[in-house]
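In: Generate coordinates for the sequence data below:
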Amino acid sequence: MKARAASIVAMTWLLAVAVPTPLMAQPAAAQAADRQALVQGLQTQYEIALIRERKMADDRETQLIGALEARLRAARAQADAAHGAAAAANAALASARQDYAGLADKLTARDPVAQADAGAYHAQAASAAASASPAKLAALQRFADGDRAAAWPLIQQLTNAEIAAPGVSVADQARDLRELAALRDIMRAHGEAGTADVLGLYDKAASLDPSDFKTEIARARLAVDLGDLTRARAAAEQAGRVATTDAEHAMALRWIGEQAAAQHDYATAAPDYDQALAMFRKVAAADASAVAKNNIAWVLQDKGDLQVLQGDFKGAQASYAEGLALRQALAAADPSNPGMQDLVASFFQRIGDLGEKLGDLGGARIAFQQGLALRQRISAADPTNTDLQYFTSAFMRRLGDVALKQGDLKTARAQYEACLAIRQRLAAANPDSAQLQAAISLDLEDLAGVAFDQNDAATARTDYAASVAIRQRLAAADPTNAGMQQLLLRGLARLSRTTGAGWQDVAAQYRKIKAAGQLTPGDDKVLDALRAHGLAAGL
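Out: Next up is the predicted model:
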């Protein structure tokens, strides 16, 4: 039988439970027992993935998950050193896995939706256990026990051999590639692989089987991280074509709307959000689960963001208020769920942004402080979660903005520097991420602005130049990213203001944006500066 592991969806499907000795060397009864153990291991890892993905564990439980994972890795290392000969080492490994499974079962049982999802996965785990070869099983075991870097080369080699074997169907090849991509995505989350690496695997799977909805959503997510909006939008549009339920159609529309909004295609984004919102409301009317209600909040958040871009501040306030109320109600109903606390924080960020835009600096600061406190508490309990670290840094930057507008340059610089330090560390672990590079360019621009206000022209020039260099690379990589083109224009103008040179570059960038029909009201200031330097002819 062709070797095969489970089809692992998105970035959270792990595989677990190894066989102490090669299966072919064991009696049939022992092999059956090991297969049963594999089913339990797959089920446990799936449940832990759900718990992490949906942030269902509180601070103490998150720390306990981490402690049990560390114990599992240590027990695995001890069992490996004993070469299967030490009963005590094997017993310790079995105990570590059992305790890990017990915690997963306990936490999953609190959420009916997660419990139902885990139950549905059981058949898939049983199928994987029935067909997994000894070599693949052992490699996946090592990966699941935390030794990902060592396990990956063999997993990749075995999977590639499966795909290349004679008589293997295209559907099976695509399923193997999705599994491989999901495992690599887990490594990316731990700083052990790059975004482009993961997306390349999903692209191969999609080329063989373009009908898998979750693959297309994964491709869209990863393409956004790379800063390739065109690629992300194409994947989201394909997800819409293969969607089979209202929930899937709504999710695809939301993803399409997000990329369209980032490309300043508001004519597409606005109706897509409205359609997605209507579909999610319909789903929630028949399904009162937290997931269904939170999907409504997601679209309200996106819609509010778009309304801000369009200058509809009153509409944005209404969208944010409804979304925040939904998430606060969900958080109150499940106070031990840090994931919902994190999503509440995302609305505090937007409400603060809008307050700052409207001149309510005091209200903005309060909203940012509330969001920062939530994110710091959640991140401290899950220190390996790079997304949480990034989101925490966003509040630091915004508090720096408020301090700057209030004339507190010392506090502003401290907040900006703290934000930059986090993002540079994350970017070093994931150099493919355009999102992180763009964020670093913002931090450098912010620090340059503080230096300029403090009459430190040399530091301002250095930081502005570094920020512009990043934006030039990103803008060249994806010319359709209207937001990045705008950021490049702004950076060039500020650098020229500091150095007194380079206004020709500013004029060229202004012409490019104007030709694309993507000028914004704030660009009038750049045009005024170009007039002052005699470069506004024809603009």
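In: Can you check the pLDDT for residue 448?
Out: Here the pLDDT value assigned to residue 448 is 97.
In: contacting residues around it?
Out: By Cβ atoms under 8 Å, 6 or more residues apart in numbering, residue 448 lies in contact with 459-464, 467, 494, 498. Placement of C-beta: from N, CA and C, glycine included.
In: Could you list which of those residues belong to helices?
Out: Among the contacts of residue 448, the members found in helices (DSSP state H) are 459-464, 467, 494, 498.
In: Which entries within those residues meet the buried criterion?
Out: By the neighbour-count criterion of 16 or more other Cβ atoms under 10 Å, the ones in helices among the contacts of residue 448 include these buried positions: 460-464, 467, 494, 498.
In: model confidence over the helix or strand hosting residue 526, on average?
Out: In the assignment (DSSP states H and E), residue 526 maps to helix 523-532. The average pLDDT within helix 523-532 is 91.
In: do stretch 382-394 as well
Out: 85.
In: Show me the shaky parts of this structure.
Out: The chain contains residues with pLDDT under 70 at 1-35, 38, 49, 53-55, 58-60, 84-85, 110-113, 116-117, 120-132, 189-191.
In: run the last query once more with 80
Out: Filtered on pLDDT under 80, the chain yields the residue ranges 1-63, 83-86, 108-133, 137, 140-147, 183, 185-192, 336-339, 381-382, 384-385.
In: circling back: and the contacts of residue 448, which is closest to residue 521?
Out: Using Cβ to Cβ, residue 494 is the member of the contacts of residue 448 that lies nearest residue 521, at 17.8 Å.
In: Please produce TSV containing the ones in helices among the contacts of residue 448, extended by distance to residue 90.
Out: Rendered in TSV, the data for those read as follows (distance: Cβ to Cβ, whole Å):
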residue	distance to residue 90
459	59
460	62
461	63
462	58
463	56
464	60
467	55
494	63
498	65
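In: ok, which stretches of the stretch 301-450 of the chain are helices?
Out: For the stretch 301-450 of the chain, the helices defined by DSSP state H, counting those that start in this stretch occupy 313-333, 338-357, 361-381, 386-405, 409-429, 434-453.
In: can you put those helices in TSV and add distance to residue 223?
Out: Shown next, in TSV, are the helices of the stretch 301-450 of the chain (distance: least, Cβ to Cβ, whole Å):
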stretch	distance to residue 223
helix 313-333	25
helix 338-357	21
helix 361-381	25
helix 386-405	17
helix 409-429	18
helix 434-453	10
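In: ok so, going back, check the buried ones among the ones in helices among the contacts of residue 448 and tell me the two furthest apart.
Out: For those, the farthest-apart pair by Cβ to Cβ is 462 and 494; their separation is 12.8 Å.
In: mind listing what's buried in the strand or helix carrying residue 256?
Out: Using DSSP H and E, residue 256 sits within helix 246-262. Residues of helix 246-262 classed as buried: 247-262 (neighbour count, 16+ other Cβ under 10 Å).
In: Beyond that helix, next helix or strand please.
Out: Tracing the chain C-terminally past helix 246-262 and defining elements by DSSP H and E, one meets helix 266-286 next.
In: Just the buried positions in that following helix, please.
Out: For helix 266-286, using 16+ other Cβ under 10 Å, the buried residues are 269-270, 272-273, 275-277, 279-280, 283-284.
In: can you check stretch 220-229 too?
Out: Applying 16+ other Cβ under 10 Å to stretch 220-229 flags 220-229 as buried.
In: Among the residues you listed, find me the one that's closest to residue 164.
Out: residue 222 (24.8 Å).
In: Give me the phi and psi for residue 433.
Out: Dihedral angles of residue 433 (phi, psi; degrees, to the nearest 10) stand at phi -80, psi 110.
In: List the contacts of it.
Out: By Cβ under 8 Å, 6+ apart, residue 433 lies in contact with 195, 225-226, 426-427.
In: try it again with 10 Å
Out: Applying Cβ atoms under 10 Å, 6 or more residues apart in numbering, we find residue 433 in contact with 188, 194-196, 222, 224-227, 386, 390, 423, 426-427, 439-440.
In: Mind giving me the packing neighbours of the helix holding residue 256?
Out: Using 3 or more Cβ pairs under 10 Å, 6 or more residues apart in numbering; DSSP states H and E, the elements in contact with helix 246-262 are helix 213-226, helix 229-242, helix 266-286, helix 290-309, helix 482-499.
In: how about the ones you listed, which one is nearest residue 328?
Out: Nearest to residue 328, of all the helices and strands packed on helix 246-262, is helix 290-309, at 9.8 Å by Cβ to Cβ.
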